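predicted coordinates and the sequence they were generated for:
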Amino acid sequence: MADVSADWYEGFFEGDYLDEVVQWQKIDDERTRGEIDFAVEKLELEPDARVLDVGCGHGRHTLELARRGFRVTGIDLSPRSLELARAAAEREQLDVEFILRDACELAFEAEFDAAINLFTSVIGYFADEADNQRVLDLIARALRPGGSFLIDTINLLGLARRYRASDWQELESGTIMLQRHEFDFRRGRNTAVWTFLRGDGSRSELSHSLRTYTPHELIAMFERAGLDVVGSWGDFDGAKLSFETWRLILRGDKA
Ligand SMILES: C[S@@+](CC[C@H](N)C(=O)[O-])C[C@H]1O[C@@H](n2cnc3c(N)ncnc32)[C@H](O)[C@@H]1O
């Protein structure tokens, strides 16, 4: 399988990801509302809480939190995603702050009551594990003492049970998406190549490489960042984390 560049995440989320995959995943309003119901409940957010959304993308969670009256800041390095997020906020006249920034350059200090990082974003993307840890450290730094962080990412133990080297989907647009996967056991990284085959005969490819974590690995990273893990789940329906669950959701609290 082709090598994926270390900075694959710069540009990956601009085009086909937004135009095709976001539709394919049926990332609809109802799903987002359910995820935010879960986050609000599990983070025990007070009505006027200030919340940071790291890797906010086109802002689906950030906007939903703003609709519920929370004071929200979303950061992301994808210009087009943030354009979409800002346009939606303007349409709905929501007061949300969106910042174009690499999460490695988060510079907040004890400003937020809570932070979220949902849908396998940012952490695990960096080729150097020190950078993945660094983002976690910076998120912890952004929290006030007693503040809470919720991450939602892939559970490597669940991924292992359903690993498929290849797969395909028909997207809502009618485009066929072929997926090829390869797992690097030395580095704990999954490489994926997605090929989009369109009805007009055109095709394009997107590749990514993602460090996937077992629960205990991610919990150790939380601890190094000064976040005490006080809750873990396997899905947004509240399922217990297990070998069966595809998601790894953790809440970590800053001392
Ligand atoms: C899988 S998308 C999820 C977006 C959003 N959280 C959601 O659930 O729709 C991951 C997002 O992380 C952003 N991202 C990736 N690397 C980043 C980095 N180093 N700093 C900031 N954002 C980053 C991407 O641009 C993309 O919008």
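Perfect, I can see it now.

where do the strands of this structure begin and end?
50-54, 71-76, 97-100, 112-117, 143-154, 166-170, 176-184, 189-197, 203-211, 227-233, 247-254 (DSSP state E).

the longest one to strand 50-54, inter-axis angle?
Taking axes from the mean of the first three to the mean of the last three Cα atoms, to 10 degrees, one finds that strand 143-154 is oriented at 40 degrees with respect to strand 50-54.

do strand 143-154 and the ligand meet?
No. For strand 143-154, no contact with the ligand is found by Cβ under 6 Å from any ligand atom; the gap never falls below 8.3 Å. Every C-beta, even on glycine, is put in place using the N, C-alpha and C of the backbone.

what parts of this structure come near the ligand?
Counting by Cβ under 6 Å from any ligand atom, the residues of the chain that sit close to the ligand are 9, 13, 55-57, 60-61, 75-78, 81, 102-104, 118-122, 125.

just the residues you listed: which are in helices?
Among the residues of the chain next to the ligand, the ones falling in helices (DSSP state H) are 9, 60, 61, 81.

for the first one, which non-adjacent residue is closest in space?
Once flanking residues are discounted, residue 9 sits nearest to residue 125: 4.7 Å by Cβ to Cβ, 6 or more residues apart in numbering.

number of nearby residues for that neighbour?
22 (other Cβ atoms under 10 Å).

next one: residue 34
13.

next one: phi and psi at the spatially closest residue to residue 77 that is not a sequence neighbour?
Of all residues not flanking residue 77 in the chain, residue 102 sits nearest, at 5.0 Å (Cβ to Cβ, 6+ apart). Backbone geometry at residue 102, expressed as degrees, to the nearest 10, gives phi -70, psi 130.

okay, now residue 102: neighbour count?
Neighbours of residue 102 (other Cβ under 10 Å): 14.

which residues does the residue of the chain at minimum distance from the ligand contact?
At 2.6 Å from the ligand, residue 57 is the closest residue in the chain, using Cβ to the nearest ligand atom. Residues in contact with residue 57, defined by Cβ atoms under 8 Å, 6 or more residues apart in numbering, are 13, 76, 78, 81, 85, 119, 121.
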